[in-house]
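A.B. asks: mind looking at a prediction? Sequence and model below.
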Amino acid sequence: MFACLDRTRTVAGPVWSRWLVPPAALAVHLSIGQAYAFSVFNKPLTQLLGGDAPAPGDWPMTATIWTFNLAFFCLGLAAAVFGPWVERSGPRKAMAAAACCFGGGFLVAALGVAWHSLPLLLLGYGALGGIGLGLGYIAPVSTLLKWFPDRPGMATGLAIMGFGGGAMVGSPLAMELMDAFRAPGVPGVWQTFVAMAAIYGALMAFGAVLVRVPPIGVVAEGARMAAPRAARPGPALAVNAQAAAANAAATTAATAFAAAAPPFGLTATEAIRTKAFWLVWIVLFANVTAGIGLLGQASPMMQDVFAASPHAAAGFVGLISLFNLVGRFVWSSASDRIGRKTTYALYLGLGMALYALLPATAAWGARGVFVLACCVLLSMYGGAFATVPAYLRDLFGTVQVGAIHGRLLTAWSLAAIAGPSAVTYVRERQLAAGVAPAAAYSLVLYALVALLAVGFAANALVPHRARSPVSAATAPAASANATSPTHTPPPHLLLVATWGLVLIPLGWGVSMTATKAMGLFAGG
């Protein structure tokens, strides 16, 4: 019954276009990216008994907020634990499991809301849904890297852009559904959870059906694949002119597929024993802690520092979320040209300068400068997520890059707690000490500068790996039976339909966010 999920059943044929794989990844990431919009349920969840206002027995927000925290903690944990299984089983089975967990999490959470059981809410969306987040987040990554060896940053940026854009779809969708199901004394939360389980389950199932893996020994047309590479005990690989020349000749063929070697590199177990892995872990932790701390307090920060209205502050959150989305594609694509290490040096170096600038904008009353700086910072926050899979691929190869990525995401789990908690705690302490609201964030922002400096130093210590192929003497030979089958491109209608299915809801979400962001400049 489940044989169609096996990896062997997802191997692409010669007529398959690699440009059909990003829509499959986007379908999954747009769905699980809804987790970023869970805050729209915070207030309704505190009014389940009271209807329009909290009543005795209703959950406090300090309890319901742990649904979000638990979901992202389980994301990192599941990615780390199930990463090797995802590599073995293939993307279709992993995406299907992610759809079951994420959709099932909504259904269990709906029961928790209907029965007013906080443990069921936490178990459903927090734990089960969080596992779905972790599986869905890493499932397409290694597949995209194998399909786009010539543009790994762009490929992963396309998918992970969907995770950043998921909130832009999930937030207005949730509001529309709750409005549709709302009745006197009934906020419509559990009904919305059931509807979202069906909608996101179907979208993720579409991604699972569409995804394909490239056959071992062949690469897609247009991919400037390096010659076969050997697994080495460390990330560094040697250079060989003869292999480079052979690779250049191979890429001139006008066929759809070219001979290549099986995936190369280190396993997840080998990678985490290297210094390079832990240096990249520190880099990601530093960047994410700073970015998520700013993102989590963006609305109150705008209101405290510039006395902005709640409406304008909401527009500010929408605007920086849009830059979070765009940065995931733009920065990761740029990394294909300037290199991953240079890109992270920009994230961290420019980030230090901008975080140090933010406190001064309050003294100047320069709201425009503050907004611009935050937009750039959040673009680099998103870019860091999208660039890191390609960084890992450069360092450790593609054998288990998904599993390695999963273990690296433990940095995200820790940062998701450390960043918002640090910003909130320091703000409260500063206000309690009598510091003016406009200056309450200065101390923690300077602390984030110091943290980024640690990340900058760690990135500088990450070893380079030669981008040229290894010596032909040590490289495994390509299969003697490798062929270049005739290419028949898929119908344009199929490409248009699959891309349209994911870009139309994303475009709707972006337009809704842009409309709300107008309030930031409309006298807020």
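C.D. replies: Noted; the coordinates are in hand.
A.B. asks: strands along this structure, start to end?
C.D. replies: 218-220, 257-259 (DSSP state E).
A.B. asks: least confident of the ones you listed, on average?
C.D. replies: When these are ranked by mean pLDDT, strand 257-259 comes last with a mean of 36.
A.B. asks: shaky segments in the stretch 201-350 of the chain?
C.D. replies: Low-confidence segments of the stretch 201-350 of the chain (pLDDT under 70): 217-264, 299, 310-311, 314.
A.B. asks: show me where it has helices.
C.D. replies: In the stretch 201-350 of the chain, the helices defined using DSSP state H, counting those that start in this stretch lie at 241-250, 268-271, 275-296, 298-306, 310-338, 340-364.
A.B. asks: buried sites along the fourth one?
C.D. replies: Applying a neighbour-count criterion of 16 or more other C-beta atoms under 10 Å, one finds Ala298, Ser299, Pro300, Met301, Met302, Gln303, Asp304, Val305, Phe306 buried in helix 298-306. Just so you know, the C-beta spots here come from the backbone N, C-alpha and C atoms, and that holds for glycine as well.
A.B. asks: do the same with the longest one
C.D. replies: Within helix 310-338, the residues scored as buried using 16+ other C-beta under 10 Å are 312-336.
A.B. asks: what of the shortest one?
C.D. replies: Judged by neighbour count using 16+ other C-beta under 10 Å, the buried positions of helix 268-271 are Ala268, Glu270, Ala271.
A.B. asks: tell me who's in contact with Pro420.
C.D. replies: Pro420 is in contact with Ile292, Gly293, Gly296, Gln297, counting by C-beta atoms under 8 Å, 6 or more residues apart in numbering.
A.B. asks: which two among these are spaced furthest apart?
C.D. replies: Spanning the widest gap among the contacts of Pro420 are Ile292 and Gln297, at 9.7 Å by C-beta to C-beta.
A.B. asks: chain neighbours aside, what residue packs nearest to Ala53?
C.D. replies: In space, and not counting its chain neighbours, Ala53 is closest to Gln47: 6.1 Å by C-beta to C-beta, 6 or more residues apart in numbering.
A.B. asks: count the neighbours of that neighbour for me.
C.D. replies: Neighbour count of Gln47, defined by other C-beta atoms under 10 Å: 17.
A.B. asks: ok, it - contacts?
C.D. replies: Shown in contact with Gln47 (C-beta under 8 Å, 6+ apart): Ala53, Pro54, Ala55, Asp58, Pro187.
A.B. asks: could you flag which of those residues are buried?
C.D. replies: Pro54, Asp58, Pro187.
A.B. asks: export the residues you listed to a markdown table and tack on pLDDT?
C.D. replies: Below are the buried ones among the contacts of Gln47 laid out as a markdown table (pLDDT from 0 to 100):
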| residue | pLDDT |
| --- | --- |
| Pro54 | 72 |
| Asp58 | 84 |
| Pro187 | 85 |
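A.B. asks: returning to what we had before: and the pLDDT at the residue nearest to Ala53?
C.D. replies: 82.
A.B. asks: how close does it sit to Phe38?
C.D. replies: The gap separating Gln47 from Phe38 is 16 Å, by C-beta to C-beta, to the nearest Å.
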